[in-house]
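**Q** All I have is the shape, not the residue letters:
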């Protein structure tokens, strides 16, 4: 697991405060780094099938996670791609934001 993925898992679990994500699983693919699975149990490193997959470069993901870039804005700018359940993607964006 890359250092970025490890840090992201820790940060996401802190943001979710043990709540997890209803309706998942969701996957966030960070280009050249790895993937994070997010479900009702929280975030963890993994690359399994998901209801929605969000893909971004490491810099974009970091900006979203740190609150410097809104996930919806990243999607509209073409920096974040979404494949699958758009409703679940919106729930995930709320968790990230």
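**A** That came through fine. Owing to the predicted nature of the structure, the values given are computational and were not obtained by experimental measurement. Residues are numbered from 1 along each chain as shown.
**Q** drop to CA atoms for contacts and neighbour counts, all remaining ones
**A** Will do.
**Q** Show me the residue at the heart of the chain, geometrically.
**A** Nearest to the centroid of the C-alpha atoms of the chain, with distances taken as CA atoms, centre = their mean, sits residue 28, at 4.1 Å.
**Q** Okay, strands next: where are they in the chain?
**A** Counting by DSSP state E, the chain forms strands over residues 26-30, 34-39, 42-45, 52-56, 80-84, given from the N-terminal end onward.
**Q** OK, contacts around the residue nearest to the residue nearest to the centre of the chain when sequence neighbours are not counted?
**A** The shortest distance from residue 28 to any residue that is not its chain neighbour, by CA to CA, 6 or more residues apart in numbering, is 4.8 Å, and that residue is residue 54. With contacts defined as CA atoms under 8 Å, 6 or more residues apart in numbering, residue 54 is in contact with 26, 27, 28, 29, 80, 81, 82, 83, 89.
**Q** Most widely separated two among the residues you listed?
**A** 26 and 80 (14.3 Å; CA to CA).
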